[in-house]
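Asker: Prediction below, plus the sequence it came from.
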Amino acid sequence: MKPMGAIPLEFQMLPLVIGGRSAAELLTSSPLFVYDMAVVRSRVARFRSAFSGIDLHYAVKANPFAPLLAAMAPLVDGFDIASAGELTRVATLGKSVSFAGPGKTDTELDAAIAAGVTINLESENEADRALAIADRRGVAPRLAVRVNPEFELRGSGMRMGGRASPFGVDAERVPALVKRILAAGAEWRGFHIFAGSQALDAAAIIDSQAHTLDLAARLADAAGATPPLVNLGGGFGIPYFPGEQALDIEAIGAELTPRLSVLPDTRFAIELGRWLVGEAGVYLTRVVDRKQSRGETFLVCDGGLNHQLAATGNLGTVVRRNYPVAVATAATDAERETVSVVGPLCTPLDRLADQVELPVAGPGDVIAIFMAGAYGLTASPWEFLGHPRPGEILM
């Protein structure tokens, strides 16, 4: 038997209930992603309490499901996007929007400028193209500079700074670019400084934010201009795997808030995706076969890595570990056994849970994969082998 991550507190009762309805009742068409908005609201409320006076931005890439975005709009101060496609999803939701990511095409830059979006510039060349497009339109573009810092976020699952990078402008070149933006008559919107993601070490995030504030102040002084906004990035992780502990955001907020005086006339934002929505999502898939093979038991389901790639360990995980999983239709006191949960695809990579202890289950039972609210369906190869796209609902 192998361990698995801890099921979020909101979903620990079996048979599983999500948003007041049983998983079996919800699963009229399998497989299905279910997002519980009450969980998202609780995360937003916790953020607001811990980070008073700091703007909250939602990173759309974490989960771009349209009903979720509409429900998120009244709760956050802005949306952060990474493509023109994401822009179309949030353009009518009445919030400020910023656009980051390398490789923005001229068409995307033009759409962003026309919509009044803040463009987080990733290079001097991108700045030149944005200014030329804005000049043809006869408007002043809203431009911020994404900074490639000289430090990284220790312990992060994906490091975004401290090295040569396609993301952002190297810190030492930023002041000259800011001066050029201002001289061109653009509306300079500040800095975006993002050192890493999926960190569970509060001390590491506190240290990274301290370096970020110091860097922002030094860059502002060198550029001779106060940034209207500094986007501190995010990096807040959630505990997917055995032994991981939830992040202490209250400790982070207590350290960060008094340090903001380094730039007293600047607003600050934290950009979060996974931390807001990851634990709110549950992927439900139905068992279609139960089989024995060389002494092992397999529950074969109608969905797998084609829908929830990350749970199979195939989305940036070096060592495969088990996400939290449950038999959603089982009673709490049901007899238990060691099984592997696999999907329907013709590849041994399609393993949702490896040798975990679960209630005894068979065809017709529902398997729940938790932590499925972020980087789920849209980060998975759902067209692979032609299986149907799963459903999505917001509770």
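Answerer: All right, it came through fine. Numbering: from 1, shown residues only.

Asker: where does the residue lying closest to Phe79 once chain neighbours are set aside land on pLDDT?
Answerer: Spatially, and ignoring its direct neighbours in sequence, Phe79 is nearest to Val90 (4.4 Å; CB to CB, 6 or more residues apart in numbering). Backbone N, C-alpha and C define where each C-beta goes, glycine included. On the pLDDT scale, Val90 is placed at 98.

Asker: Could you give the number of residues near Val90?
Answerer: 25 (other CB atoms under 10 Å).

Asker: distance of it from Glu337?
Answerer: 45 Å (CB to CB, to the nearest Å).

Asker: cool, Met395 as well?
Answerer: Separation of Met395 from Glu337 (CB to CB) stands at 30 Å.

Asker: Over to Asp55?
Answerer: Distance of Asp55 to Glu337, given as CB to CB: 49 Å.

Asker: do Gly85 as well
Answerer: From Gly85 to Glu337 the distance is 44 Å (CB to CB).

Asker: what pLDDT, on average, does the longest helix seen in the chain get?
Answerer: Counting residues, the longest helix in the chain under DSSP state H turns out to be helix 202-223. Summarised as a single mean, pLDDT over helix 202-223 is 93.

Asker: roughly how far apart are the residue sitting furthest away from the middle of the chain and Val327?
Answerer: Distance from the C-alpha centroid of the chain, by CA atoms, centre = their mean, peaks at Arg294 (39.4 Å). Applying CB to CB, the value for Arg294 to Val327 is 23 Å.

Asker: Check Arg48 too.
Answerer: For Arg48, the distance to Val327 - CB to CB - is 36 Å.

Asker: between these two, which one's more packed in?
Answerer: Val327 (25 against 14).

Asker: Is that one in contact with Gly364, as I believe?
Answerer: No - Val327 is not in contact with Gly364 according to CB atoms under 8 Å; the separation is 11.1 Å.

Asker: Tell me how far the longest strand along the chain lies from the chain's centre.
Answerer: Of all the segments assigned as strand in the chain under DSSP state E, the longest by residue count is strand 281-293. Taking CA atoms, centre = their mean, to the nearest Å, the mean C-alpha location of strand 281-293 is offset from the chain mean by 26 Å.

Asker: If you average the pLDDT over that strand, what comes out?
Answerer: Rounded mean pLDDT across strand 281-293 is 97.

Asker: That strand - which strands sit beside it in the sheet, and in what orientation?
Answerer: If you go by DSSP bridges, strand 281-293 pairs up with strand 32-35 (antiparallel), strand 296-301 (antiparallel), strand 366-369 (antiparallel).
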